[in-house]
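> Sequence first, then the predicted structure:
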Amino acid sequence: MPTDIILASSSPFRRKLLENAGLEFRTVSPEIDERAVQATLEGSDITPDDVALILGEAKARDVSERNPEAWVIGSDQTLSLGDRIFHKPADMEEARRHLLALSGKTHQLNSAVIIARKGEAVWRHVGIAHLTMRNLDPGFIGRHLAAVGEKALSSVGAYQVEGQGIQLFEKIDGDYFTIVGLPMLPLLAALREMGAIDG
């Protein structure tokens with residue numbers, strides 16, 4: 001009987017990464033309120049990478065409780081600039097403000113991935129990347145957002161480095177998979193070690 005692997009995410013980017021790696025899996029959307037979980041963390045000394053881990057684990061455990069025999073992959077990504085954690089922009093004006101705040105600075109992407117089985121997390125990892133944006137002219141930001149449209153609202157930084165968002169950057173330190181939101185090399189190694197995939 002083939003191993004049941006579930007991606008606890010509706011992200012087309014994460015799904016594509018697993019498909020490209022040749023994994024057989026299905027997707028199940030977690031039934032958690034991310035903002036409610038984050039609200040319980042506010043005011044604590046928790047780090048942005050811990051926030052990503054907590055949210056990713058909540059997603060993985062939620063889906064795992066409903067599919068106890070499956071290997072469930074949960075993930076989450078936070079973007080931090082100093083102490084500030086960015087969320088997906090609600091609209092194009094907020095996307096513009098995100099890019100203005102990130103312009104000329106180095107921010108951090110924290111990509112957490114968790115494997116759960118029988119309702120419990122059995123493996124955790126956080127990949128970290130540092131991205132330095134060019135000094136962006138406000139006029140260019142407006143033209144860029146007009147060109148990419150609603151895609152800007154689908155990621156925490158209001159950009160996709162795998163698309164036109166790459167034009168916003170001066171320097172990137174970190175692997176591509178961490179930036180897209182699913183650290184693939186550690187995840188594949190863990191799945192092999194657990195016997196969930198051939199290796």
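Right, received. Where do you want to start? Residues are numbered from 1 along each chain as shown.
> what about the helix or strand containing residue 76, average pLDDT?
Residue 76 belongs to strand 71-81 when assigned by DSSP states H and E. Regarding strand 71-81, the rounded mean pLDDT is 95.
> I'd like to know which elements it is packed against.
strand 5-7, helix 48-66, strand 84-86, strand 106-117 (3 or more C-beta pairs under 8 Å, 6 or more residues apart in numbering; DSSP states H and E). Just so you know, the C-beta spots here come from the backbone N, C-alpha and C atoms, and that holds for glycine as well.
> any idea which of those scores lowest on pLDDT?
Taking the mean pLDDT of the helices and strands packed on strand 71-81, strand 84-86 comes last: a mean of 89.
> relative orientation of whichever helix or strand comes after that strand and strand 71-81 in degrees?
Downstream of strand 84-86, the next assigned helix or strand under DSSP H and E is helix 92-102. On the basis of axes from the mean of the first three to the mean of the last three C-alpha atoms, to 10 degrees, helix 92-102 is oriented at 70 degrees to strand 71-81.
> other SSEs contacting helix 92-102?
Using 3+ C-beta pairs under 8 Å, 6+ apart, the elements in contact with helix 92-102 are strand 84-86, helix 138-148.
> quick one: terminal-to-terminal distance for stretch 95-110?
With C-alpha to C-alpha, to the nearest Å applied, stretch 95-110 spans 19 Å between its terminal residues.
> Next, the angle helix 48-66 makes with the lowest-mean-pLDDT helix or strand in the chain.
Every helix and strand of the chain was ranked by mean pLDDT, DSSP states H and E. The lowest is helix 34-41, at a mean of 76. Helix 34-41 runs at 130 degrees relative to helix 48-66, counting by the same axes, to 10 degrees.
> Of the helices and strands packed on helix 92-102, give the one that comes closest to residue 92.
helix 138-148 (5.8 Å; C-beta to C-beta).
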